[in-house]
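Peer 1: Sharing a model prediction with you, sequence too.
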Amino acid sequence: MPHELAWGDIYFSPLLVVILLALVATWVTVIVLNKTKLSRFVAFPSLTFLALLVIYVVAIDSYYLRF
């Protein structure tokens with residue numbers, strides 16, 4: 001079970017990888033919502049982006065990477 005990620009002499013938190021994966025997944029989700037025109041039903045796009053990001057962070061952290 002990794003505790004930190006090492007790149008040279010710099011140590012990074014494993015949460016950094018989870019956040020980057022969640023950010024990419026959120027961008028893909030937003031692009032799909034825009035292409036299918038489902039984003040017109042969203043009242044607050046910026047809050048929806050943040051909510052999706054939090055959902056993906058929790059899902060990736062608890063079900064996929066298990067830190």
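Peer 2: Great, that's in hand.
Peer 1: Against which helices or strands is the strand or helix carrying residue 15 packed?
Peer 2: In this structure, residue 15 sits in helix 14-35 according to DSSP states H and E. Counting contacts by 3 or more Cβ pairs under 8 Å, 6 or more residues apart in numbering; DSSP states H and E, helix 14-35 is packed against strand 5-7, helix 45-59. C-beta here means a position set from N, CA and C on the backbone, and glycine is covered the same way.
Peer 1: from these, which stretch is densest packed?
Peer 2: helix 45-59 (a mean of 14; mean count of other Cβ atoms under 10 Å).
Peer 1: then that helix to PDB, C-alphas only?
Peer 2: Coordinates of each C-alpha in helix 45-59 appear next as PDB, following Å, rounded to 0.1, in the frame of the first residue of the first chain:
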ATOM      1  CA  PRO A  45     -22.500  24.700 -14.200                       C
ATOM      2  CA  SER A  46     -19.600  25.600 -11.900                       C
ATOM      3  CA  LEU A  47     -21.100  24.000  -8.900                       C
ATOM      4  CA  THR A  48     -22.000  21.000 -10.900                       C
ATOM      5  CA  PHE A  49     -18.400  20.700 -12.000                       C
ATOM      6  CA  LEU A  50     -17.200  20.800  -8.400                       C
ATOM      7  CA  ALA A  51     -19.800  18.300  -7.300                       C
ATOM      8  CA  LEU A  52     -18.800  15.900 -10.100                       C
ATOM      9  CA  LEU A  53     -15.100  16.400  -9.100                       C
ATOM     10  CA  VAL A  54     -15.900  15.500  -5.500                       C
ATOM     11  CA  ILE A  55     -17.900  12.500  -6.500                       C
ATOM     12  CA  TYR A  56     -15.100  11.200  -8.700                       C
ATOM     13  CA  VAL A  57     -12.500  11.800  -6.000                       C
ATOM     14  CA  VAL A  58     -14.500   9.900  -3.400                       C
ATOM     15  CA  ALA A  59     -15.200   7.100  -5.900                       C
END
